[in-house]
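Chemist: Provided below are the primary sequence and the corresponding predicted coordinates.
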Amino acid sequence: MNEKEIVQGCLNGNERDFKTFYGHYYGKMLNACVRYAKDKEEAKDIVQEGFVRVFKNLHQFDFQGSLEGWVRRVMVNTAINHYRKYMKDIVNYMEDERVVNMEKHEEDNHEPAETISSDQILAMVQNLTPVYRTVFNLSVMEGYSHKEISEALGITESTSRSNLAKARIKLQEMVNKHSLKLNTHEAHGK
């Protein structure tokens, strides 16, 4: 795929170039967005909205960096905006909750089962609340700082840190529960 020709074709309204561009990036962007969504259907909605934004703003891409990186950034921002629609009530609720001491929970943690697949881990992340899932993905998967997360989501840095700690605790609990189920099945020969 010659990126410059495809982008220029898209800018000129060439339907074949739109299809080529979309087909080239759709799978990668769906994989990126599924981490932010509660399920694959919601992720598909985010990707569709993201591509609308990509094509609307494609004239701004100047080929100074990676086209894929630029498209991914648009998708992540679309996921953040999607999340913001539901955020206000959730943030108010989360700020009222007491902060859990991460170290206390780390003492009780068990080693995760070696048999947890990436699909199972993704399912666990998807089972987090929207606020935990979004902060976790922005921090762990995208490498955003708490300052960047707070600015992107309109929350305080301390709320971002608290939500990340809580997300990690919830994920660890899910991994432990999964490991316990595996150990129970192995003990009973199932």
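Modeler: That came in fine, so what should we check first?
Chemist: any idea which element residue 144 lies in?
Modeler: Secondary structure assigned from DSSP states H and E places residue 144 in neither a helix nor a strand.
Chemist: for it, grab phi and psi.
Modeler: phi -70, psi 150 (degrees, to the nearest 10).
Chemist: counting neighbours, what do you get for it?
Modeler: Counted by other Cβ atoms under 10 Å, the residues lying close to residue 144 total 20. Every residue, glycine included, has its C-beta placed from N, CA and C.
Chemist: for it, which non-adjacent residue is closest in space?
Modeler: residue 138 (4.3 Å; Cβ to Cβ, 6 or more residues apart in numbering).
Chemist: elements contacting the helix or strand harbouring residue 48?
Modeler: Using DSSP H and E, residue 48 maps to helix 40-57. Judged by 3 or more Cβ pairs under 8 Å, 6 or more residues apart in numbering; DSSP states H and E, the packing partners of helix 40-57 are helix 15-34, helix 67-96.
Chemist: output it as CSV, nothing but the C-alphas.
Modeler: This file holds the C-alpha atoms of helix 40-57, laid out as CSV (Å, rounded to 0.1, in the frame of the first residue of the first chain):
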residue,chain,number,x,y,z
LYS,A,40,-16.8,-6.3,20.4
GLU,A,41,-20.1,-4.6,19.2
GLU,A,42,-19.3,-1.5,21.1
ALA,A,43,-15.7,-1.6,19.8
LYS,A,44,-17.1,-1.8,16.2
ASP,A,45,-19.2,1.3,16.9
ILE,A,46,-16.1,3.2,18.2
VAL,A,47,-14.1,2.1,15.1
GLN,A,48,-16.8,3.3,12.8
GLU,A,49,-17.0,6.6,14.5
GLY,A,50,-13.2,6.8,14.5
PHE,A,51,-13.0,6.2,10.7
VAL,A,52,-15.5,9.0,10.2
ARG,A,53,-13.1,11.3,12.1
VAL,A,54,-10.1,9.9,10.3
PHE,A,55,-11.5,10.6,6.8
LYS,A,56,-12.9,14.0,8.0
ASN,A,57,-9.4,15.1,9.2
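Chemist: following the helix or strand of the chain with the lowest mean pLDDT, which helix or strand comes up?
Modeler: Taking mean pLDDT, DSSP states H and E as the measure, the helix or strand of the chain with the lowest value is helix 102-108, at a mean of 40. Per DSSP H and E, the first helix or strand lying C-terminal to helix 102-108 is helix 118-126.
Chemist: check which helices and strands that following helix is in contact with.
Modeler: Helix 118-126 packs on helix 130-136, helix 157-187, going by 3+ Cβ pairs under 8 Å, 6+ apart.
Chemist: most packed of the ones you listed?
Modeler: Comparing those by mean neighbour count (mean count of other Cβ atoms under 10 Å), helix 130-136 ranks first with a mean of 23.
Chemist: CA atoms only: put that helix into PDB for me.
Modeler: Extracted C-alpha coordinates of helix 130-136, given in PDB (Å, rounded to 0.1, in the frame of the first residue of the first chain):
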ATOM      1  CA  PRO A 130     -15.800   1.800  32.100                       C
ATOM      2  CA  VAL A 131     -13.700   4.100  34.200                       C
ATOM      3  CA  TYR A 132     -11.300   1.400  35.400                       C
ATOM      4  CA  ARG A 133     -11.100   0.000  31.800                       C
ATOM      5  CA  THR A 134     -10.300   3.300  30.200                       C
ATOM      6  CA  VAL A 135      -7.800   4.500  32.800                       C
ATOM      7  CA  PHE A 136      -6.100   1.100  32.700                       C
END
